[in-house]
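Asks: sequence-free structure coming up:
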DNA sequence: GTCTATATGCCGATAGAC
DNA sequence: GTCTATCGGCATATAGAC
C-alpha cells in the first residue's frame, strides 16, 4: 500500500475516492471499505482522517458543491452577451455532462432523497445550500440585467434546471434539456427588462 | 398475529405496509423485517407471498404509479375549461400533497436515484414508465385542445412538475410550485392554439 | 399459510501492534 | 499514520415444524 507522508494528501485522496464511490452507487449503498480500497488504503486509516462515514459523506457533498458551482457558473460566464445567452450555455453544459458515460444524475437531489428520513443530516444541509447558492447567482445576474420579478424568475430557472436533470436521469434523453432550455428562453423573453420595455 | 384466510388479502396488506415503509425510508434503506412487522406478519410469510425484496419493491413502485396517476389526472380532470386550467389544478394538487406531513418527495425520482447503478431493475423501469405515462396524458390533452408543438410542450410540463417536486423536497417551500405553475401558464399562453391564433 | 429458528454474509466502528 | 484482526449488529433469504 502507498504511504504518503503528508496527512492532507491522504485526506484528499480519500475524498477523491469517496467522490467516485458515493456518486456511482449512492452514499448509503456504499461501504467505507469500498472507499478506502479505492484510495489504496485500509478502513482503519480512513477512520483516522474522518470521524465517521456521515462526516465523510458531508465532506463529499460539500466538495461536489464547490466543483459543480464553479463548473456551471464558469460555463455560463464564459459566454458574452445578455443573461439569456448565459443561461442557454448553462443548459448546454448540463446536457454535455449528462450525456457522458458515468453521469448518474444530480448528487444533491439524490442525497436529499437518500436521507429523506434524516433531514438534519449535514450532507442534506450542504445539498440544500448548494441549490440556494445557484439560485442566488441566478438572482444576482437577473438584477444586474435589470429584470423585473427576479426572485420568481430565479426560482423558475432552478425548477427548469432540476426538472431537466430529473428527466435526463429517468429517460437518458437530451430532448428534455433542450425543452427546458427553450422554456427558460421563453420565460426570460416574455419577462423583458422594464427599461427595455418602456423605451 | 392476525391470520387472514385469503392470500390476496395478506398480499394486499403486505403491499400497503411496503408502501408506507419504502416511501418513508427508501427501498434500500428499509428491511423486509420492517415491512413484515408493519403488516403484523413475519418475514417468512412475506417471502411466501413475494419471491424477493426486489420483486416487492417493483410491486410497490407499480402500485404507487397507479395511485399517483389516478390522483393527478383526477385532480386535473375535475376542473372544467381549457387545458391550462387543468394544469393549474394539477400543480395545486402537487403542492397540497407536498405540504402535508409525511410527504417525502417523488417516489419515482427517488427510486431512479437509489438504483442508479442498477438501471435495469424492474422498480426503475416502472418509475420511468410512470413518467412516460403522465407525459402521454399531457400530450393527448394538448392535441385535444389543438396546441401546436404538443410534444415539446408535454416535455416542458414534465420538466416543470418534476423540477417543482425536487425543489419542494430540497427546501420545503411552496413558492417553487407556485413559480412552476406560473411558468406553465406562461408557456401554454405563449403557445396558443394555431386555430385561435389565426382567427 | 404462518410460525420459530437459523444460515451466511456485510456493515460501521474499534483494539492494539508497529 | 497505517496496518491486521475483530466486535457486535443487522441484512436477505431459507429450513423445517405445525
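Replies: Yep, it's here. What you are looking at is a predicted structure, and each value in this text was computed from that prediction instead of being measured.

Asks: what's the domain layout of chain A?
Replies: Annotated domains of chain A cover A:1-50, A:60-194 [automatic domain parsing].

Asks: most neighbours per residue, which of these?
Replies: domain A:60-194 (a mean of 19; mean count of other C-beta atoms under 10 Å in any protein chain shown). Where you see a C-beta, it was placed from the backbone N, CA and C, and this is true even at glycine.

Asks: that one and chain B in contact?
Replies: Yes - Domain A:60-194 lies within reach of chain B by C-beta under 8 Å from any C-beta of the partner chain, at A:104-105, A:108-110, A:112-114, A:116-117, A:127-128, A:131-132, A:152, A:155-156, A:158-164, A:166-167, A:169-171, A:175-176, A:179-180, A:182-183, A:186-187, A:190.

Asks: let me have the domains of chain A in a markdown table, extended by mean pLDDT.
Replies: Formatted as a markdown table, those follow (pLDDT from 0 to 100):
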| stretch | mean pLDDT |
| --- | --- |
| domain A:1-50 | 92 |
| domain A:60-194 | 97 |
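
Asks: can you redo the ones you listed as TSV with distance to DNA strand C?
Replies: Output for those, formatted as TSV (distance: least, C-beta to the nearest atom of the strand, whole Å):
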stretch	distance to DNA strand C
domain A:1-50	3
domain A:60-194	12
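
Asks: ok, the closest residue to residue A:69 other than its chain neighbours to DNA strand D distance?
Replies: Setting aside the residues directly before and after it, residue A:69 is nearest to residue A:133 in space (C-beta to C-beta, 6 or more residues apart in numbering or on different chains), at 6.0 Å. Distance from residue A:133 to DNA strand D, counting by C-beta to the nearest atom of the strand, to the nearest Å: 32 Å.

Asks: hmm, residue A:121 is touching residue A:112, no?
Replies: No - when contacts are counted by C-beta atoms under 8 Å, residue A:121 is not listed as touching residue A:112 (9.5 Å).

Asks: residues in contact with residue A:176?
Replies: Applying C-beta atoms under 8 Å, 6 or more residues apart in numbering or on different chains, we find residue A:176 in contact with A:163-164, A:167-168, B:155, B:158-159.

Asks: now do 6 Å
Replies: A:164, A:167-168, B:155 (C-beta atoms under 6 Å, 6 or more residues apart in numbering or on different chains).

Asks: leaving out sequence neighbours, find the closest residue to it.
Replies: Per C-beta to C-beta, 6+ apart, closest to residue A:176 is residue A:167, 3.7 Å.

Asks: the residue of chain A found nearest chain B is in what secondary structure piece?
Replies: Minimum separation of chain A from chain B (C-beta to the nearest C-beta) falls at residue A:163, amounting to 2.6 Å. Assigned by DSSP states H and E, residue A:163 belongs to helix A:150-171.

Asks: could you measure the residue nearest to residue A:69 against residue B:34, distance?
Replies: According to C-beta to C-beta, to the nearest Å, residue A:133 and residue B:34 sit 36 Å apart.

Asks: residue A:45 sits in which helix or strand?
Replies: Residue A:45 belongs to helix A:43-49 when assigned by DSSP H and E.

Asks: which SSE is immediately downstream of that helix?
Replies: Next element after helix A:43-49 (DSSP H and E): helix A:53-77.

Asks: got a list of contacts for the following helix or strand past that next one?
Replies: Sequence order places helix A:83-98 as the next helix or strand after helix A:53-77, per DSSP H and E. The contact list for helix A:83-98 (C-beta under 6 Å, 6+ apart) reads A:72, A:75-76, A:79, A:103, A:141, A:145, A:168, A:174, A:177, A:181, A:184, A:188.

Asks: give me the angle between helix A:83-98 and helix A:150-171.
Replies: 20 degrees (axes from the mean of the first three to the mean of the last three C-alpha atoms, to 10 degrees).

Asks: from residue A:109, how far out is the residue positioned nearest the centre of chain A?
Replies: Nearest to the mean C-alpha position of chain A, counting by C-alpha atoms, centre = their mean, stands residue A:68 at 4.7 Å. From residue A:68 across to residue A:109, the span is 12 Å (C-beta to C-beta).

Asks: next: residue A:148.
Replies: Here residue A:148 is placed at a distance of 29 Å from residue A:109 (C-beta to C-beta).

Asks: do the same with residue A:183
Replies: Remark: distance between residue A:183 and residue A:109 (C-beta to C-beta) = 19 Å.

Asks: residue A:109: which element?
Replies: helix A:107-114.

Asks: show me what the helix or strand following that helix packs onto, helices and strands only.
Replies: As assigned by DSSP H and E, the chain's next helix or strand after helix A:107-114 is helix A:122-144. Here helix A:122-144 touches helix A:53-77, helix A:107-114, helix A:150-171, going by 3 or more C-beta pairs under 6 Å, 6 or more residues apart in numbering or on different chains; DSSP states H and E.

Asks: show residues contacting the shortest one.
Replies: Spelled out, it's helix A:107-114. A:23, A:26-28, A:61, A:64, A:123-124, A:127, A:130, B:105, B:110, B:113, B:166, B:169-170.

Asks: before we move on, back to that, nearest to residue B:10, of the helices and strands packed on helix A:122-144?
Replies: Closest to residue B:10 of these, according to C-beta to C-beta: helix A:107-114, at 30.3 Å.
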